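Colleague: Output the structure for:
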Amino acid sequence: MIKGLLRVVSMGLVLLLMSSVNLLPSKAADADFSGPSQGPVNTESAPFTITVDRSFNGNFHVDISGGGLDERKVLSFPKNATSTTFTITPTATGTVTLIANPASGPKSDKTLLYNVIGVIEPTPTPTPTPTPT
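Modeller: Numbering: from 1, shown residues only. Predicted coordinates for the structure are as follows:
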């Protein structure tokens with residue numbers, strides 16, 4: 001009985017020590033997901049940003065689909081960071097859906113839509129014909 005109690009107390013102390021020196025991922029209390037709403041095909045986007053309301057030591061997953069993309073980015077927050085950024089490079093026109101969630105804890109399903117537009121070719125300027133003198 002006493003050995004079992006000592007094990008429980010020891011494990012509690014180990015967990016307390018690990019959390020006090022930031023060895024355990026912290027839970028993001030609240031997160032904002034922001035970024036551009038559109039950009040041209042085959043061009044790197046402006047940065048998307050995940051910002052938490054206090055320092056956070058953990059990961060976010062961003063599921064990205066559409067615009068020729070189908071991937072999951074794993075974003076690691078550096079120790080005590082409050083934000084992290086990433087970019088995308090869509091390979092087709094259309095709408096890209098980005099859904100961000102913490103890797104652990106309750107899902108928040110922060111969602112952004114990014115409209116991928118075709119590249120607009122500039123209208124060529126005609127070369128003037130010289131007039132004979």
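Colleague: which stretch of helix or strand covers Asp53?
Modeller: Using DSSP states H and E, the element containing Asp53 is strand 48-56.
Colleague: Tell me the helix or strand right after that strand.
Modeller: Next element after strand 48-56 (DSSP H and E): strand 59-66.
Colleague: Go ahead and produce CSV holding the CA coordinates of stretch 123-132.
Modeller: Coordinates of each C-alpha in stretch 123-132 appear next as CSV, following Å, rounded to 0.1, in the frame of the first residue of the first chain:
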residue,chain,number,x,y,z
THR,A,123,-1.3,44.3,-72.6
PRO,A,124,1.8,44.9,-74.8
THR,A,125,2.5,48.4,-75.7
PRO,A,126,2.7,48.9,-79.5
THR,A,127,6.0,50.1,-80.8
PRO,A,128,5.5,53.4,-82.7
THR,A,129,6.3,53.5,-86.3
PRO,A,130,8.8,56.1,-87.1
THR,A,131,7.6,58.8,-89.6
PRO,A,132,9.9,59.4,-92.5
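Colleague: mean confidence score for that stretch?
Modeller: Taken as a whole, stretch 123-132 has a mean pLDDT of 78.
Colleague: Please apply the same query to stretch 43-54.
Modeller: Mean predicted lDDT for stretch 43-54 stands at 94.
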